[in-house]
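> below are the sequence and a predicted model for it; my questions follow.
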Amino acid sequence: MPVPARITAVRTLTELEKLYTIELPYGLTLDHDPGQFVQVSLFGVGEAPISICSSPSRSNGLFELCVRNVGDLTSKMHALNVGDTLGIRGPFGRGFPMERFRGKDVVFIAGGLGLAPLRSVIYEAIDHREKYNRLVILYGARSPQEMLFRDEVNAFNWMDDVEMFSTVDRGDEKWRGHVGFVNSLLNQVHLNPHNTVAIVCGPPVMYQFIIDDLIRLGVAEHDIWLSFERHMKCGVGKCGHCQINHIYACLDGPSLSYTEIKNLEEAL
Amino acid sequence: MSNLKTIPKTALNEWVQRLRRRFRVVGPRPKNGQFVFAEIETAVEMALDYPTTCMPPKKYLFPPQETLLRYHLDGSHIQAVIETEPTVIFGIHTCDVQATRLFDQIFSQGFADQHYRARREDIYLISIECMAPCTEHAYCHDMGTSHLPEAADLHLTDVGQMYVVHVNTPKGESLLADTLAEPFTADWQPIYDRVIAKKMEAFEKRLDFEVTELKELLRDGYSSPLWQDVGDDCLVCGMCTQVCPTCVCFNMEDEADLTQTEGQRTRTWDSCQATTFALVAGGHNFREARMARQRHRFMRKGKYMHDAYGLLGCVGCGRCGSTCLVNITPIKVLNALYQEQHAEQIESDVPEMELSYEDVTARSAGVAVDLHAGACENNGRTHPH
Amino acid sequence: MSGTVNELPRVAFFDFTSCEGCQLTVLDALQTHPELLKVVNIVEFREASSARSEDYQIAFIEGSCTRPGDEERLRKIRETAVYVIALGACAHLGGINAIRNRQPLLDVRQYVYGDKAEWYDTYPARAIDQVIQVDAVIPGCPIDRDEFVRVVTVLLQGRQPKLPDYPMCIECKLHENICVYERGQVCLGPITRAGCNAICPAYGYGCEGCRGLVSAPNMESFQEVLAQHGLSQAEIDEKLSLFLTNQTLLEKELVHG
């Protein structure tokens, strides 16, 4: 059953995306793992799965959701303001196995809105910086205007122990950075494939390209981690909508390694 | 181990009347030339020797539409809705009982579903032994569900003037008013055994393979060209999933009242055959092709459900085959898949035989028809070198 | 949401070539759901009132576009309304008016109007969205009363109404109707959008497809089913053109007078 949660802050990120800070009632905390999602209810409208984009290490009792206005529910969500109530169920699904990434070079590869779920993992890694070797963030957006969390991306740029690379598919007159798809950044990173884990999230079309490139560079299949978006209704492995062959994206995912899905025709 | 009793058929109506004081009593009854599970007031309305019903009794355990929550649109007054009514389902076939076991597993494992579980608690199952396959599409015997006397709360076997009753659970026990049930004496045993033996003779094997081979058959047949044929024929009408006793996929929707003050969340049956089932908000459809949707149905029934819940998602009731307008029946599809693999098996078993070009093309062309015969014939015609 | 009448969303009903049966269903809905009048202000509705208005936010249009003069009126409605909703099969699909699209127009005019055929400037019947942009559709011949109320509810939330996108067979099975094919007749249920509660099969008639095609129907296989049940190609074409002419006939096959 959803609990009524309060919106405590709304920040407009781009024309399409807004960032919501949400507080659960009765002093409840979400206690999520990076990479998990919640089911968000708008009462009288419906419910949809949304990735948690804040890190548990910085929760402060609140959590954040980055919402793109793409459908019925999200467009109604964009009309909400501070103080409004929405329903929350979760957290659900399997987050990224952070313990497995210990001592590794962690490469985050985000396309478009894919930066939102990865943001929870990125901060988790930065806040436990000593556990990991290199931290590399590759972020591709369609255009400079569509880049999410620009201030934070800038801050990553200035961090000594984080390597931040951004690209856009199409630049504009002010853009001085890299132009091209996100996989084109991989060549700039000089990966040590034997000690690299890649964490990938983006639109469905992006995955196969990135995976092919990573494998070509020598990254092991079990070190490529992906976050899957699917149509979901229940979030708890019953309704059948999110099934990828035998796997339930809501229970076994949304974070899955390439090894787990490479033979599944319905995955990519 | 169940406890056995007998009930004279003449006492059936009295039993139903007594049950009706405490329960809604549901049974198979005729409607427009077919049979449906519906409420009954007297035993006469029931046709306990019915072949099969249009819809399985699943509709009582998991209604096609149910309200899960009611709330005010401002997010206050959120209340779970648990709708349940004490119900006895009379005359459920053992295949459908097996489907109930699967549902119990699905809604108890992991995140338990309070709506289902509360309703299930209030439902009492009285199954009946089938004496012959109900339709040409039923293959319960192959699926091991044609004789499950200990699965429901009570199980009836028609032995002439009497029903032999397997009393399997305390719930079942509570349904039997002692005055009606009589002891199962030693005299009844040979009579019961004869009835069951005769029943077993009436059921022939309809699948070309053993149920234990089903998972591997589907795993190995995932890329079979046969699915394309199935997809070409499929009307995507969704009737197969609608009549299935094990289909569990659902949709959830919220709605507000006209004055925008209160609302509710409902759960309705959904179908993996629907075009939009795997469509995400960005517009990508992860199972768009008809062939992929039909294949998913078969994989889910014969493999994925077993992987997840330890029980097969098909009980062999044959309803999907009977209802399909383009004759996509599990018996036909699964046997064709088996024959296809079996033919390949024979082919790979005889590497030492060199086939002429004509033989090879004839064989690959013949895959869709009678593969076993085709392969043997080819072997006979092989030129010895 | 409810307030004084003047604050409520202003709703108008318009009719084009149709029998006005869908608007009668709306009148019916006003009786079963009188609260409708607490949430909208109906400013024009010829079936119920003589009031007229050129100021409205939601326009419901019944009927198809069948004359050049209809286009101007439709464009005016589109310019005025925030939401334009096609009401019923004629507005949604062209309706049964579109049967004539399969025949030479002059023959049709002569058949209907005799020696006055030249007086009428009718042309092939079109759905409203073939002329102006339509925001939502309430299908059916006539519309379903409850669906009308649901669509109004969703519109008042500022949302896009969604129609069921699965075939009618799904609803028909829920009602445990005997399949029309089992009775030796044919039915368009497998290719028709659900939402009517399978009312025709429930009364023993095959579906005629008044709610239009479901997304991505398997027309090829379906036509084979019709043929197996004894329909000739001409009969199949006829079956598919009571309501579905504009959805099933290619543009090139439409006969322009």
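Here it is on my side, so go on.
> how close does the closest residue to B:A132 other than its chain neighbours sit to B:C134?
Nearest residue to B:A132 in three dimensions, chain neighbours excluded: B:A202, at 4.3 Å (C-beta to C-beta, 6 or more residues apart in numbering or on different chains). All C-beta atoms are positioned from the backbone trio N, CA, C, and that covers glycine. Using C-beta to C-beta, to the nearest Å, B:A202 is found at 11 Å from B:C134.
> ok, the two, which is more surrounded?
Legend: neighbour count by other C-beta atoms under 10 Å in any protein chain shown for B:A202 and B:C134, higher for B:C134 (21 against 12).
> the more buried one against B:D49, yeah?
No - contact criterion C-beta atoms under 8 Å: B:C134 and B:D49 do not qualify, at 10.0 Å.
> so what sits against both of these two?
Common neighbours of B:C134 and B:D49, counting by C-beta atoms under 8 Å, 6 or more residues apart in numbering or on different chains, are absent.
> tell me the domain ranges of chain A?
Using automatic domain parsing, the domain parsing of chain A gives A:3-92, A:98-227.
> B:G33 is nearest to which of those?
For the domains of chain A, the distance to B:G33 is smallest for domain A:3-92, at 40.3 Å, taking C-beta to C-beta.
> does chain B sit close to the closest one?
Yes - in terms of C-beta under 8 Å from any C-beta of the partner chain, part of domain A:3-92 sits within range of chain B, namely A:3-4, A:41-48, A:70-71, A:74, A:85-87.
> end to end, how far does that domain reach?
14 Å (C-alpha to C-alpha, to the nearest Å).
> mind listing what the residue nearest to B:A132 touches?
B:M131, B:A132, B:P133.
> which of those sits closest to chain A?
Nearest to chain A, judged by C-beta to the nearest C-beta, of the contacts of B:A202 is B:P133 at 29.4 Å.
> the closest residue to that closest one other than its chain neighbours and B:E253, how far apart?
Nearest non-adjacent residue to B:P133, counting by C-beta to C-beta, 6+ apart: B:F203, 5.8 Å away. Going from B:F203 to B:E253 by C-beta to C-beta gives 42 Å.
> neighbour count winner among the two?
B:F203 (18 against 15).
> touching, that one and B:C134? I think so.
No - with contact defined as C-beta under 8 Å, B:F203 does not reach B:C134; the gap is 10.6 Å.
> anything in contact with each of these two?
Counting by C-beta under 8 Å, 6+ apart, nothing touches both B:F203 and B:C134.
> contact residues of chain A facing chain C?
A:G44, A:V45, A:D72, A:S75, A:K76, A:A79.
> double-check that the fourth one belongs to a strand.
No - secondary structure assignment places A:S75 outside any strand; it is helix (DSSP: H, G, I helix; E, B strand; the rest coil).
> which pLDDT value belongs to it?
Among the per-residue scores, A:S75 shows a pLDDT of 94.
> roughly how far does it sit from B:R22?
In terms of C-beta to C-beta, A:S75 sits 50 Å off from B:R22.
> ok, the contacts of B:A202 vs A:N192, which is closest?
Nearest member of the contacts of B:A202 to A:N192, counting by C-beta to C-beta, is B:P133, at 64.3 Å.
> where in the stretch 1-150 of chain C is pLDDT low?
C:1-3 (pLDDT under 70).
> if we can go back for a sec, which among the residues of domain A:3-92 next to chain B count as buried?
A:3-4, A:41-48, A:71, A:74, A:85-87 (16 or more other C-beta atoms under 10 Å in any protein chain shown).
> pull the most distant pair out of these.
A:V3 and A:G71 (23.2 Å).
> spell out which parts of the stretch 151-300 of chain B neighbour chain C.
So the stretch 151-300 of chain B meets chain C at B:232-239, B:242-243, B:255-261, B:269, B:271, B:274-276, B:290 (C-beta under 8 Å from any C-beta).
> so what's the residue count around the residue nearest to B:V167 when sequence neighbours are not counted?
Once flanking residues are discounted, B:V167 sits nearest to B:N3: 4.4 Å by C-beta to C-beta, 6+ apart. For B:N3, the neighbour count with other C-beta under 10 Å is 13.
> spatially nearest residue to the spatially most central residue of chain C, not counting backbone neighbours?
By C-alpha atoms, centre = their mean, chain C has its centre lying nearest to C:A89, at 1.5 Å. Take C:A89 and drop its neighbours on the chain: the residue closest to it by C-beta to C-beta, 6+ apart is C:C141, 4.0 Å away.
> next: B:M131.
B:K199 (5.2 Å).
> the one you found against B:P149, yeah?
No - between B:K199 and B:P149 there is no contact under C-beta under 8 Å: 11.1 Å.
> common neighbours of those two, please.
B:E129.
> neighbour-wise, which of these two wins?
The neighbour comparison of B:K199 against B:P149 (other C-beta under 10 Å) goes to B:P149, with 21 against 17.
> so that one makes contact with B:T157?
Yes - assessed by C-beta under 8 Å, B:P149 is found in contact with B:T157 at 7.0 Å.
> can you work out which residues contact both of the two?
With C-beta under 8 Å, 6+ apart, B:P149 and B:T157 have common neighbours B:E129, B:H166.
> one step back: next one: the residue nearest to B:V167 from B:R22, what distance?
B:N3 is 21 Å from B:R22, by C-beta to C-beta.
> of the contacts of B:A202, which is the most crowded?
B:P133 (20 neighbours).
> report the secondary structure state of the one residue in the stretch 51-200 of chain B that gets nearest to chain C.
Scanning the stretch 51-200 of chain B for the residue nearest chain C gives B:C54, at 4.5 Å (criterion: C-beta to the nearest C-beta). Following three-state DSSP, the label given to B:C54 is coil.
> please name the nearest non-neighbouring residue to it.
With C-beta to C-beta, 6+ apart, the residue lying closest to B:C54 is C:E176, at 4.5 Å.
> mind listing what the one you found touches?
B:K31, B:Q34, B:V36, B:C54, B:M55.
> what of B:C95?
Contacts of B:C95 by C-beta under 8 Å, 6+ apart are B:A138, B:C140, B:M143, B:T145, B:S146, B:P245, B:V315, B:G316, B:C317.
> what's the separation between A:S57 and C:D15?
For A:S57, the distance to C:D15 - C-beta to C-beta - is 63 Å.
> tell me which of these two has more neighbours.
Comparing A:S57 with C:D15 by other C-beta under 10 Å, the one with more neighbours is C:D15, at 20 against 14.
> now do the contacts for A:G240.
With C-beta under 8 Å, 6+ apart, A:G240 has these contacts: B:V248, B:C249, B:F250, B:D270, B:C272, B:F277, B:R300.
> surely the first one touches B:L61?
No - distance between B:V248 and B:L61: 10.3 Å, which falls outside the contact criterion (C-beta under 8 Å).
> give me the common contacts of the two.
B:F103.
> next to chain B in this structure, residues from the stretch 151-268 of chain A, please.
A:203-204, A:229-231, A:233-234, A:236-241, A:243-246, A:248, A:251, A:265-266.
> B:I92 touches B:L154, doesn't it?
No - assessed by C-beta under 8 Å, B:I92 is found out of contact with B:L154, at 10.2 Å.
> residues that sit against both of the two, list them.
Joint contacts of B:I92 and B:L154 (C-beta under 8 Å, 6+ apart) are B:L125, B:I126, B:S127.
> so what's the second one closest to, chain neighbours aside?
Of all residues not flanking B:I126 in the chain, B:L154 sits nearest, at 4.5 Å (C-beta to C-beta, 6+ apart).
> show the pLDDT at the one you found.
In this model, B:L154 carries a pLDDT of 97.
> got the contact list for it?
So B:L154 contacts B:Y124, B:L125, B:I126, B:S127, B:V165, B:H166, B:V167, B:N168, B:G172, B:L175, B:L176 (C-beta under 8 Å, 6+ apart).
> please apply the same query to A:E64.
Taking C-beta under 8 Å, 6+ apart as the test, what A:E64 contacts is A:L19, A:Y20, A:T21, A:I22, A:I52, A:C53, A:S54.
> which one of the residues you listed has the most neighbours?
A:I52 (29 neighbours).
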